[in-house]
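Novice: Sharing a sequence plus its predicted fold:
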Amino acid sequence: MLSLALTALLAVRSVPLSQGWLFQPDPLAKGDAQEWWTPGFDRSGWRPVAVPSAWDFYDPVMDGYEGVGWYALRLSPQQMRPGSWQRLLFGRVHHKATVWIDGHRAGENLTGYLPFEVPITPHVSPGKPAWVVVRVDNEVRYDRLPGTTPVEWVQYGGLLQPVELVTTSRTYLAHAAIRAAPLGDGATVAVEVEVAGTVETPFTGRVRVEVEKTAAEAEVRVDPGATVRVPLALRLPHARRWSPDSPALYEAKLELLDARGTIDTLREPFGVRTVEARGRQILLNGTPLHIRGVNRYDEFPGRGPVADAASIRGDLAAVKGMGANLIRVHYPQSPLTLRLADEMGLILMEEVPLNWWRAPWHRPVPPEFDNDAIVGLAESALEQLIRRDGNHPSVLIWSMANECETSDARGTAAMERLLRRARALDPTRLITYVANRKLEENRAFALADLVAFNLYYGMWDGDVAEDLSQVEARVHAPTRARLEALARSYPDKPLLLTEFGTIGVPGSKGDLRFSETYQAAYLDAVWQAVQEVPAVSGAIVWSWADYRHRKGFENDFPAFFGPFGVVTLDRRPKAAYAALHARWH
């Protein structure tokens with residue numbers, strides 16, 4: 001029977017571990033040989049740091065550091081709970097992470113954009129402290145996502161999302177996948193609950209789900225060391241639909257019960273809505289959806305991808321205030337960003353971080369990496385992405401990749417593999433990938449719900465528009481012509497322009513290419529072309545905010561910076577913001 005102290009503790013299922021961490025960079029690669037993970041290793045010279053944070057901001061000398069860094073945290077005996085099952089949940093560690101608990105290797109993670117867990121209970125002794133040591137390696141390699149070494153965005157290193165100490169009973173609720181669909185004035189809610197067991201004897205009990213005073217439950221038996229999936233279904237007599245104009249949310253309360261009562265609880269928000277591609281249209285709740293979107297890196301001055309709720313909320317509110325209804329991202333977003341998008345009514349197009357893999361405009365892939373191994377990692381990331389974010393109504397589109405070589409046989413097979421896996425895991429959302437060359441030869445689009453592509457006429461495609469007088473002939477006209485040609489090539493699918501844009505240097509006005517004035521005119525010209533081709537379901541600007549480049553990367557602007565944003569890095573509007581605001585309102 002659970003003690004009263006443990007019962008009280010389980011009411012607080014997880015506790016963030018933000019203080020007490022120590023950090024040491026390892027540029028000379030000494031940590032492995034000297035066994036820095038051992039409990040008795042002398043860490044008196046290590047730097048105290050708070051978590052989450054990127055190591056790039058610990059000191060100016062760490063800015064852009066790519067290599068190995070070590071973290072350590074001492075767990076006190078008071079944090080150990082005999083009779084429970086305890087584990088560490090790492091929200092995001094970039095990129096490769098290896099974890100030791102009191103000298104025992106407890107786990108490893110290779111998908112540095114998504115969460116992972118490691119068990120504590122098997123590796124600690126009651127009444128004794130334990131050291132948690134994490135080796136982090138953010139080196140950019142061909143055999144790691146995004147699958148290439150020319151990477152545009154900064155590869156911030158470290159513990160980038162919260163680390164939580166999770167304490168439950170030894171049989172616990174591991175996950176809940178919720179799929180809700182409208183039915184008349186109400187909705188059907190299908191819930192698949194995962195129950196995991198770590199005890200040495202079988203567990204017998206019940207799983208219960210409740211939404212809006214409507215409940216369902218089922219019996220469950222979990223053998224030692226097993227995980228069991230329990231399907232539950234209920235019907236809501238009345239349910240509001242989630243949409244950008246009315247982001248209605250519900251909460252499912254899940255309970256695991258034994259003969260004595262509730263032993264574990266989860267609460268999962270969700271929304272009721274449908275999305276489908278029908279002919280040329282994307283339909284949200286049966287109504288045509290015209291996408292007005294921005295591409296966004298989650299980067300803030302002095303913090304990189306680590307931001308508080310107020311900063312993210314303000315950023316998303318400014319996006320929506322401009323008139324946008326969708327944000328596209330190149331990699332999985334933080335749970336906080338997703339929750340706020342749900343609440344505020346912003347659509348997300350979330351992408352597997354497979355980017356520029358085998359892209360022919362970069363140097364050839366080294367022979368030892370010229371294979372499909374990275375596609376396996378991408379598939380693992382896709383599975384984890386759908387598992388983590390599948391309950392969020394704001395996520396309408398899963399994208400498999402961005403601007404990879406997808407027109408040849410290997411690229412086609414890779415996209416077909418990922419699209420089929422996405423469809424099997426989640427048939428309730430739209431799936432696609434983003435291409436930027438040989439668009440008519442991308443045969444894998446046959447399995448996608450929509451054709452997604454990037455165009456930069458007047459910048460990288462066609463003749464350069466050197467000044468405002470050339471924008472009509474070299475931006476608007478060729479963009480429209482290309483969209484019309486793609487409409488003829490793909491007559492039965494919606495088209496989505498997923499990137500278009502140009503540089504706008506803050507404070508620079510006038511006729512010159514790269515001025516704010518030019519950028520505003522450029523975006524306006526492309527948007528006009530999109531409006532003139534009915535087969536196109538919308539377009540997504542590159543990009544929302546200016547961003548830092550990874551050191552060594554240059555993109556038509558000779559600095560470690562990408563001034564493609566319609567707002568600056570610190571979110572001051574440029575002329576392009578006003579131009580889009582006028583168009584989109």
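Specialist: It's in.

Novice: Touching stretch 406-417 from outside, list them.
Specialist: Residues outside stretch 406-417 that contact it (C-beta atoms under 8 Å, 6 or more residues apart in numbering): 357-358, 372, 375, 378-379, 400-401, 404-405, 433, 435, 437-438, 441-444, 447. Where C-beta positions appear, they are placed from N, C-alpha and C, glycine not excepted.

Novice: what about the helices in this protein?
Specialist: Using DSSP state H, the helices of the chain run over residues 4-10, 309-322, 335-344, 373-389, 409-425, 471, 477-489, 516-531, 575-584.

Novice: so which of these comes closest to residue 266?
Specialist: helix 4-10 (11.9 Å; C-beta to C-beta).

Novice: average pLDDT for that closest one?
Specialist: Averaged across helix 4-10, pLDDT comes to 42.

Novice: Touching stretch 21-37 from outside, list them.
Specialist: Here stretch 21-37 has contacts from 41, 43, 45-51, 55, 58, 62, 65, 67-73, 100, 103, 105, 133, 135, 158-159, using C-beta under 8 Å, 6+ apart.

Novice: Please apply the same query to stretch 556-571.
Specialist: Contacts of stretch 556-571 (C-beta under 8 Å, 6+ apart): 152, 294, 299-301, 314-315, 318, 322, 459, 501-506, 514, 519, 523, 541-551, 553-555, 573-574, 576-577, 580.

Novice: So what's the gap between that stretch and the chain middle?
Specialist: Relative to its chain's centre, stretch 556-571 lies at 22 Å (C-alpha atoms, centre = their mean, to the nearest Å).

Novice: about what we covered before: separate out the buried members of the contacts of stretch 21-37.
Specialist: 41, 43, 46, 49, 51, 55, 58, 62, 65, 68-73, 100, 103, 133, 135, 158-159 (16 or more other C-beta atoms under 10 Å).

Novice: tell me the contacts of the nearest residue to residue 583 once chain neighbours are set aside?
Specialist: The shortest distance from residue 583 to any non-neighbouring residue, by C-beta to C-beta, 6 or more residues apart in numbering, is to residue 527 (5.4 Å). Residue 527 is in contact with 539, 580, 583, counting by C-beta under 8 Å, 6+ apart.

Novice: Compute the distance between residue 527 and residue 377, please.
Specialist: Distance, residue 527 to residue 377, using C-beta to C-beta, to the nearest Å: 36 Å.

Novice: same thing with residue 358?
Specialist: 14 Å.

Novice: again, but for residue 417
Specialist: 12 Å.

Novice: got a pLDDT number for residue 262?
Specialist: 97.

Novice: Surely it touches residue 255?
Specialist: Yes - with contact defined as C-beta atoms under 8 Å, residue 262 reaches residue 255; the gap is 4.9 Å.

Novice: Which of those two has more residues huddled nearby?
Specialist: residue 255 (20 against 16; other C-beta atoms under 10 Å).

Novice: how about that one, what does it touch?
Specialist: With C-beta under 8 Å, 6+ apart, residue 255 has these contacts: 207-210, 262, 264-265.

Novice: how about a cut-off of 6 Å?
Specialist: 208, 262, 265 (C-beta atoms under 6 Å, 6 or more residues apart in numbering).

Novice: what sits against residue 16?
Specialist: 162, 164.

Novice: measure the closest residue to residue 366 other than its chain neighbours to residue 358 for me?
Specialist: Closest residue in space to residue 366, ignoring its immediate chain neighbours: residue 142 at 6.5 Å, by C-beta to C-beta, 6+ apart. To residue 358, residue 142 is 10 Å away according to C-beta to C-beta.

Novice: who's more crowded, these two?
Specialist: The neighbour count for residue 142 versus residue 358, taken as other C-beta under 10 Å, is higher for residue 358 (21 against 18).

Novice: which phi and psi does the residue most central in space within the chain have?
Specialist: Most central in the chain under C-alpha atoms, centre = their mean is residue 332, positioned 1.0 Å from the mean C-alpha point. Per-residue torsions, residue 332: phi -60, psi 140 (degrees, to the nearest 10).

Novice: That one contacts residue 385, correct?
Specialist: Yes - between residue 332 and residue 385 there is a contact under C-beta atoms under 6 Å: 5.3 Å.

Novice: burial measure for residue 191, as a count.
Specialist: Neighbours of residue 191 (other C-beta under 10 Å): 23.

Novice: One more: residue 274?
Specialist: 15.

Novice: Can you tell me how far it is from residue 228?
Specialist: For residue 274, the distance to residue 228 - C-beta to C-beta - is 30 Å.

Novice: the strands in the stretch 201-350 of the chain, which residues?
Specialist: When assigned using DSSP state E, counting those that start in this stretch, the strands of the stretch 201-350 of the chain occupy the ranges 203-211, 214-222, 227-236, 250-258, 261-270, 275-278, 281-284, 287-288, 291-295, 326-328, 347-351.

Novice: what would these look like in a markdown table with distance to residue 563?
Specialist: Putting the strands of the stretch 201-350 of the chain into a markdown table (distance: least, C-beta to C-beta, whole Å) gives the following:
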| stretch | distance to residue 563 |
| --- | --- |
| strand 203-211 | 46 |
| strand 214-222 | 52 |
| strand 227-236 | 48 |
| strand 250-258 | 41 |
| strand 261-270 | 36 |
| strand 275-278 | 34 |
| strand 281-284 | 31 |
| strand 287-288 | 34 |
| strand 291-295 | 14 |
| strand 326-328 | 19 |
| strand 347-351 | 23 |
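
Novice: my read: residue 289 touches residue 280, true?
Specialist: No - using C-beta under 6 Å, residue 289 is not in contact with residue 280, being 11.9 Å away.

Novice: can you tell me which residues contact residue 524?
Specialist: residue 579.

Novice: Oh, that last question was meant for residue 351, not what I typed.
Specialist: Residue 351 touches 330, 399, counting by C-beta under 6 Å, 6+ apart.

Novice: what pairs with it across the strands?
Specialist: Beta bridges link residue 351 to residue 399, judged by DSSP bridges.

Novice: contacting residues around residue 465?
Specialist: 458, 471, 474-475.

Novice: Give the buried subset of those residues as a PyMOL selection command.
Specialist: In PyMOL, this line selects whichever of the contacts of residue 465 come out buried by 16+ other C-beta under 10 Å:
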select buried, resi 458+471+474+475
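
Novice: Can I get the contacts of residue 465 in CSV including pLDDT and distance to residue 389?
Specialist: Output for these, formatted as CSV (pLDDT from 0 to 100; distance: C-beta to C-beta, whole Å):
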residue, pLDDT, distance to residue 389
458, 97, 35
471, 98, 38
474, 98, 39
475, 98, 35
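
Novice: Which one of the contacts of residue 465 is nearest to residue 239?
Specialist: residue 475 (44.8 Å).
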